[in-house]
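Peer 1: here is a sequence together with a model predicted from it:
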2 protein chains.
Amino acid sequence: MSTIGPEIERLIQLLAKLPGLGPRSARRAVLELLKKRDVLMEPLALAMQEAAAAIKTCEICGNLDTATPCSLCCDPRRDSKVICVVEDVADLWALERAGVFRGRYHVLGGALSALDGITPERLNVASLIARVREGVEEIILAMNATVEGQTTAHYLLDTLEETGVKVTRLAHGVPVGGELDYLDEGTLSAAFKARRAL
Amino acid sequence: MSTIGPEIERLIQLLAKLPGLGPRSARRAVLELLKKRDVLMEPLALAMQEAAAAIKTCEICGNLDTATPCSLCCDPRRDSKVICVVEDVADLWALERAGVFRGRYHVLGGALSALDGITPERLNVASLIARVREGVEEIILAMNATVEGQTTAHYLLDTLEETGVKVTRLAHGVPVGGELDYLDEGTLSAAFKARRAL
């Protein structure tokens, strides 16, 4: 389109590549940025450049941090005998927000998917095995409850078997605050089978 | 949260201020940016800085462009006797995408809203009157079909009356591709009243 200059057009195209933003919301975002140049656009550009330069991938667990090994791997208060394996850094963040886990993490960098061509070699599996061999007591598989996530969990269970480490996975069941009426049969069935005595 | 470093946290907070992005999608966006540093994050930061420095508000119509007056106001092929008044630059872009209008624009910078404290003085009304007095034949009011938009249109109609200029507004009716069953009564009523002989 000729009306929008190349500078704005390029900004829209780049913003539209972000997850959750399509061409339409990218246009709205650009207008908001141009209206709030001093308080939003320039600080955001600066924050991106700083983050791009400062953030590294942790050589041990795959977390994103300004240092490698990351602050979680270096924290002596965290139990190094328990490793929670997640697909992505976003899952690590989610578990940290829940504040439920005080061990170490291992970020696979995705889940097995024949459709997307994600083979075991493309995930951080070898480094996980190496960490297990250094003396780990429990591996918690915290994959997504999707086909890809569960396939990955099964693959890891098989691969880890020879190390003899104890492998657990997150429980399936009714989400807290969830209504039975709105749950799928798979979840209900899992919750029923895993019922606990009171 | 302690796990996410201050650089990433700041980036998430700034991105979450964009329309269409909440805290959750801002986190996803930041991970995507960090994964695609070279092809997305750094080009986006650069594009923002360039746009922040280059883009100006047109002194005549309020459009955003690298020059003022903007390319639309300077285009001799566009009819300077007809001005289409819009609330926002996004509306100007939408009309240009439709490619239906070959005159000039005037961006009000919002719509009258008692709730948000948007009074006539805060909109670019005085500059519109001044342009009309320089010799304009038709003013097309292209406000949104919302309460605020229609209030603004009525206000402009009153204000423009003394100039004697011809004032028109966009037609209301059934959107192209729209199904009657899904339309509100206001739209159906407007479409019915404005029915045309075939």
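Peer 2: Sure thing, it's come through.
Peer 1: show me the residues around residue A:103 that make contact.
Peer 2: A:78, A:79, A:80, A:81, A:82, A:83, A:84, A:138, A:140 (Cβ atoms under 8 Å, 6 or more residues apart in numbering or on different chains). In short, each C-beta sits where N, CA and C put it, glycine included.
Peer 1: residue ranges with poor pLDDT in chain A?
Peer 2: A:1-2 (pLDDT under 70).
Peer 1: contacts only, for the residue nearest the centre of chain A.
Peer 2: Taking Cα atoms, centre = their mean as the criterion, residue A:88 is the residue nearest the geometric centre of chain A, at 2.4 Å. Residues near residue A:88 by Cβ under 8 Å, 6+ apart: A:107, A:108, A:109, A:110, B:31.
Peer 1: just read off the phi/psi values of it.
Peer 2: Backbone torsions of residue A:88, given as degrees, to the nearest 10, read phi -140, psi 160.
Peer 1: that older thread, of all the contacts of residue A:88, which two lie farthest apart?
Peer 2: Largest separation among the contacts of residue A:88 by Cβ to Cβ: A:108 and B:31, giving 14.1 Å.
Peer 1: pairing partners for the lengthiest strand in chain A, with directions?
Peer 2: Across chain A, the strand with the greatest residue count (assigned by DSSP state E) is strand A:79-86. Next to strand A:79-86 in the sheet, as set by DSSP bridges, lie strand A:103-107 (parallel), strand A:138-141 (parallel).
Peer 1: coming back round to it: sort out for me which of the contacts of residue A:88 are in helices.
Peer 2: Filtering the contacts of residue A:88 for membership in helices, criterion DSSP state H, returns residue B:31.
Peer 1: picking that back up, nearest to chain B among the contacts of residue A:103?
Peer 2: Within the contacts of residue A:103, proximity to chain B (Cβ to the nearest Cβ) peaks at residue A:78, which comes in at 10.8 Å.
Peer 1: the closest one: neighbouring residues, count only.
Peer 2: Using other Cβ atoms under 10 Å in any protein chain shown, residue A:78 has 16 neighbouring residues.
Peer 1: what about the strands in chain A?
Peer 2: Secondary structure of chain A, counting by DSSP E: strands at A:56-57, A:64-65, A:79-86, A:103-107, A:138-141, A:166-169.
Peer 1: how about CSV for the contacts of residue A:88, with distance to residue A:27 added?
Peer 2: Below are the contacts of residue A:88 laid out as CSV (distance: Cβ to Cβ, whole Å):
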residue, distance to residue A:27
A:107, 34
A:108, 36
A:109, 32
A:110, 31
B:31, 23
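Peer 1: any of the contacts of residue A:88 buried? List them.
Peer 2: A:107, A:108, A:109, B:31 (16 or more other Cβ atoms under 10 Å in any protein chain shown).
Peer 1: was I right to think the second one contacts residue A:87?
Peer 2: Yes: the pair residue A:108 / residue A:87 is scored as a contact, 5.4 Å apart, by Cβ atoms under 8 Å.
Peer 1: quick check: neighbours shared by the two?
Peer 2: By Cβ under 8 Å, 6+ apart, residue A:108 and residue A:87 have these common neighbours: residue A:152.
Peer 1: residues in contact with the residue lying closest to residue A:149 once chain neighbours are set aside?
Peer 2: Nearest residue to residue A:149, sequence neighbours excluded (Cβ to Cβ, 6 or more residues apart in numbering or on different chains): residue A:143, at 3.5 Å. Going by Cβ under 8 Å, 6+ apart, residue A:143 touches A:85, A:86, A:87, A:111, A:149, A:150, A:152, A:153, A:169.
Peer 1: got a list of what residue A:21 touches?
Peer 2: Residues near residue A:21 by Cβ under 8 Å, 6+ apart: A:15, A:29, B:18, B:20, B:21, B:25, B:29.
Peer 1: ok, and the closest non-adjacent residue to the second one?
Peer 2: Leaving aside its chain neighbours, residue A:29 sits nearest to residue B:18 (4.3 Å; criterion: Cβ to Cβ, 6+ apart).
Peer 1: how distant is the longest strand of chain A from the center of its chain?
Peer 2: Distance, stretch centre to chain centre, for strand A:79-86: 15 Å (Cα atoms, centre = their mean, to the nearest Å).
Peer 1: that strand: which residues count as buried?
Peer 2: Buried residues in strand A:79-86, defined by neighbour count with 16+ other Cβ under 10 Å: A:82, A:83, A:84, A:85, A:86.
Peer 1: how about the helices in chain A?
Peer 2: Using DSSP H, helices in chain A cover A:6-15, A:23-35, A:42-54, A:71-74, A:89-98, A:126-133, A:147-160, A:185-193.
Peer 1: got the angle between the second one and helix A:42-54?
Peer 2: Regarding helix A:23-35 and helix A:42-54, their directions subtend 110 degrees when assessed with axes from the mean of the first three to the mean of the last three Cα atoms, to 10 degrees.
Peer 1: quick check: buried residues in helix A:23-35?
Peer 2: A:25, A:26, A:27, A:28, A:29, A:30, A:31, A:32, A:33, A:34.
Peer 1: okay if I get the residues you listed as JSON lines plus distance to residue A:173?
Peer 2: Listed next are the buried residues of helix A:23-35 as JSON lines, based on distance: Cβ to Cβ, whole Å:
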{"residue": "A:25", "distance to residue A:173": "35"}
{"residue": "A:26", "distance to residue A:173": "39"}
{"residue": "A:27", "distance to residue A:173": "42"}
{"residue": "A:28", "distance to residue A:173": "39"}
{"residue": "A:29", "distance to residue A:173": "38"}
{"residue": "A:30", "distance to residue A:173": "43"}
{"residue": "A:31", "distance to residue A:173": "45"}
{"residue": "A:32", "distance to residue A:173": "41"}
{"residue": "A:33", "distance to residue A:173": "43"}
{"residue": "A:34", "distance to residue A:173": "48"}
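Peer 1: so which of those is the closest to residue B:120?
Peer 2: Proximity of the buried residues of helix A:23-35 to residue B:120 (Cβ to Cβ) peaks at residue A:31, which lies at 22.2 Å.
Peer 1: residues touching that closest one, list them.
Peer 2: Taking Cβ under 8 Å, 6+ apart as the test, what residue A:31 contacts is B:64, B:88, B:89, B:90.
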